[in-house]
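Novice: Just need the structure, nothing else, for what follows:
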Amino acid sequence: MLGGLTATSALALAGWPGSAEAATTAKGGGRSVTITVMGTSDIHSNVVNWDYYQDAEFSDSAGNVVGLARVSSLVKQIRADRGRERTLLFDAGDTIQGTPLGFYYATVEPITTTGRIHPIARQMNAIGYDAVALGNHEFNYGLPLLNKWIAQMDAPALAANAVHAGTDRPAFRPYIIKKMHVKGHPPIRVGVLGLTNPGVTVWDKANVAGKLDFLDLVETAKKWVPAIRAEGADVVVVSAHAGDSGVSSYTGDIPVENASAMVAQQVPGIDAILFGHAHNDVAERFVTNEITGETVVMSEPKCWGERLSVFDLTLTRDRGRWKVTGKSATTVNTNTVNEDPKLVALVKKQHDTVVAYVNQEVATSTEAMSAAESCWKDTAILDYIHLVQTAKVKEAVAGTAHASLPVLSIAAPFSRAATFPAGQVTIKDIAGLYIYDNTLLASILTGSQIKAYLEYSAQYFKQVAADAPVDPRSWTNANNRPDYNYDQFSGVTYDVDIAGAEGSRILNLAYDGTAVTDDQQFVVAVNNYRQSGGGGFPHIAAAPVVYNAQVAIREAIVAYASAAKTIDPSTFHVENWKLVRDGVPVF
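Specialist: Alright, predicted model coming up:
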């Protein structure tokens, strides 16, 4: 318990009965029974309450905690309260990527080479998951790693809409039916359909192109839910790695990214949806099916193990069949329990290995650098990313037909908390700067395309009057655009006029002191997420690719720093862009 609040009392405060027996009584006696479905999502390789970038226990201003070890304690508590035979536990995806631990056991000591059990598999098996859906980040490290992890899991991995390329044949298990035996009642058959995110087609194109296709969630559910019902399921739960907004972060003819509520609305026969991907805390949402008029209860348990979704589904016996007659959901904060010591011990050796790895020193910095102002100023720490990307691409195109073209670089401020200290810089520091497992590519863009790209990026800023007080933190993230979708270029100079309207903000775009012409060609270093269309930036997805060696950018930065031994911003930091208002610099 934490602060005197246990999982039981947290549920009680949410208005829930303390046990399934109490729920059953409340719903009408012996002909009814309540089962509890628990769910996690977006664990992102958080096994214990630890921040590898800070080398300390995780903490935030809201008092959240992270990790499957906390989830385990909460699950045990609820199983004890409800009765083990009345509970099921599912996950909605994005489990094996996200922290240096996930990276380490995929790339540094990959389980595909060592044969060792992945720490996430160890913990999920120990907790006793009944099924997991695949998230888009499961595909980040390639299919061999994913298939190895799935083979290590006791729980089946579900993804009905991931099919073999050019077919409608599922590449993974579409669904399972769990039979629950509650004492004094006939068996209850719970069908679970797993759906993953169509955005994999965009974000992990290099890993899945020609191998897998990702179909529309709604159409896939329309196919499989009737099949699950025909097989005798009394209850149908969908575990979907898709948010509930109904919109996508990408463009084109790829199916909708955040389609969970659409599934509830358009597909008959679903009782509950556990969903993820958006990292929101959605305790309970009811959606009315437009065909049957029945309500579907939905819940999203935030991310990283900070919450556990808990559904109560009451079933009543009617003419020899179970019928769902009551539905509710909530999310429970995992800070209401302590870590499960058995789950901590289970992965301690692997966790300690990663802590030692990220604390390896790679170079010495001549001064402290911070990304705190990187969203509105050209900072040295982001220029270090540009430095490495540019050097790698120049080396790759040397001696080719593109060797004479100028090389530019694109990077975004992934974390305002990133810092390099004065003195020893570790892998942890670099991982804190470049937090995603992206790889490096290079494409050809023209001057006009770069201008359009920068105009799109500048939509990140609200329009600000020329005489308004200088308050840059209030100017960013217009239209809820995240920091990682504010791309900055190196190699050209330009101004971003935030007093101007969208589409007319990029001024004085020049290369080597001369205005860039529309047809001028450049080689542009870019990460795979952006090159694949992530974020919807113009031209880059269709641009010719001249370099793609699948080099991990974070590892390239580590290797560059290790070879150079010294990080001296005076040798690479160039303030090539700035914010202006009506042409007057803001800073």
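Novice: only C-alpha atoms for contact and neighbour calcs from this point on.
Specialist: Fine.
Novice: Could you tell me which ranges of the protein sit under the pLDDT cut-off?
Specialist: With pLDDT under 70 as the threshold, the chain has low-confidence stretches at 1-30.
Novice: Can you point out the buried residues in stretch 159-179?
Specialist: 159-165, 170-178 (16 or more other C-alpha atoms under 10 Å).
Novice: Check stretch 71-87 too.
Specialist: 71-79, 81-84, 86-87.
Novice: Repeat that for stretch 537-549.
Specialist: 537-541, 543, 545-548.
Novice: repeat for stretch 214-229
Specialist: Result for stretch 214-229 [16+ other C-alpha under 10 Å]: buried residues 214-218, 220-221, 224-226, 228-229.
Novice: could I get these as JSON lines with distance to S532?
Specialist: Formatted as JSON lines, the buried residues of stretch 214-229 follow (distance: C-alpha to C-alpha, whole Å):
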{"residue": "F214", "distance to S532": "15"}
{"residue": "L215", "distance to S532": "18"}
{"residue": "D216", "distance to S532": "19"}
{"residue": "L217", "distance to S532": "21"}
{"residue": "V218", "distance to S532": "24"}
{"residue": "T220", "distance to S532": "24"}
{"residue": "A221", "distance to S532": "27"}
{"residue": "W224", "distance to S532": "30"}
{"residue": "V225", "distance to S532": "32"}
{"residue": "P226", "distance to S532": "35"}
{"residue": "I228", "distance to S532": "35"}
{"residue": "R229", "distance to S532": "38"}
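Novice: Can you show me the strands along the stretch 1-150 of the chain?
Specialist: 32-40, 87-91, 131-133 (DSSP state E, counting those that start in this stretch).
Novice: And the last one, what does it pack against?
Specialist: The elements that strand 131-133 packs onto, with contact taken as 3 or more C-alpha pairs under 8 Å, 6 or more residues apart in numbering; DSSP states H and E, are strand 87-91, strand 157-158, strand 188-195, strand 235-240.
Novice: wait, which of those is closest to V523?
Specialist: strand 188-195 (38.0 Å; C-alpha to C-alpha).
Novice: ok, the closest one: who's next to it in the sheet?
Specialist: If you go by DSSP bridges, strand 188-195 pairs up with strand 175-180 (antiparallel), strand 235-240 (parallel).
Novice: Next, format the ones you listed as a markdown table and append distance to A401.
Specialist: A markdown table is the format used below for those (distance: least, C-alpha to C-alpha, whole Å):
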| stretch | distance to A401 |
| --- | --- |
| strand 175-180 | 51 |
| strand 235-240 | 46 |
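Novice: thinking again about what came up before, with distance to K327 added, can I get the helices and strands packed on strand 131-133 in a markdown table?
Specialist: Shown next, in a markdown table, are the helices and strands packed on strand 131-133 (distance: least, C-alpha to C-alpha, whole Å):
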| stretch | distance to K327 |
| --- | --- |
| strand 87-91 | 15 |
| strand 157-158 | 24 |
| strand 188-195 | 14 |
| strand 235-240 | 11 |
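Novice: closest one to N338 among those?
Specialist: Per C-alpha to C-alpha, nearest to N338 of the helices and strands packed on strand 131-133: strand 87-91, 19.3 Å.
Novice: what are the pairing partners of that closest one, and which direction each?
Specialist: Counting by DSSP bridges, strand 87-91 is paired with strand 32-40 (parallel), strand 131-133 (parallel).
Novice: still on that earlier bit, so which of the buried residues of stretch 71-87 comes closest to Q521?
Specialist: V71 (52.1 Å).
Novice: quick revisit: so which of the strands paired with strand 188-195 gets nearest A126?
Specialist: That would be strand 175-180 among the strands paired with strand 188-195, by C-alpha to C-alpha, at 18.5 Å.
Novice: what sits up against the closest one?
Specialist: 85-86, 131, 156, 158-160, 187-194, 228, 233 (C-alpha atoms under 8 Å, 6 or more residues apart in numbering).
Novice: Just name the closest of the buried residues of stretch 214-229 to Q520, please.
Specialist: F214 (37.1 Å).
Novice: Surely that closest one and A159 touch.
Specialist: No: the criterion here is C-alpha atoms under 8 Å, and F214 misses it with A159 at 9.4 Å.
Novice: what do the two both touch?
Specialist: Joint contacts of F214 and A159 (C-alpha under 8 Å, 6+ apart) are T196.
Novice: In the stretch 351-500 of the chain, mark out all the strands, start to finish.
Specialist: 361-365, 369-370, 407-411, 419-420, 423-426, 439-446, 488-490, 493-497.
Novice: Redo these as TSV? Include mean neighbour count and distance to G305.
Specialist: Listed next are the strands of the stretch 351-500 of the chain as TSV, based on neighbours: other C-alpha atoms under 10 Å; distance: least, C-alpha to C-alpha, whole Å:
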stretch	mean neighbour count	distance to G305
strand 361-365	20	30
strand 369-370	18	29
strand 407-411	24	29
strand 419-420	20	26
strand 423-426	20	27
strand 439-446	23	27
strand 488-490	23	33
strand 493-497	23	39
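Novice: Redo those as JSON lines? Include distance to W577.
Specialist: Shown next, in JSON lines, are these (distance: least, C-alpha to C-alpha, whole Å):
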{"stretch": "strand 361-365", "distance to W577": "24"}
{"stretch": "strand 369-370", "distance to W577": "17"}
{"stretch": "strand 407-411", "distance to W577": "13"}
{"stretch": "strand 419-420", "distance to W577": "21"}
{"stretch": "strand 423-426", "distance to W577": "27"}
{"stretch": "strand 439-446", "distance to W577": "19"}
{"stretch": "strand 488-490", "distance to W577": "8"}
{"stretch": "strand 493-497", "distance to W577": "5"}
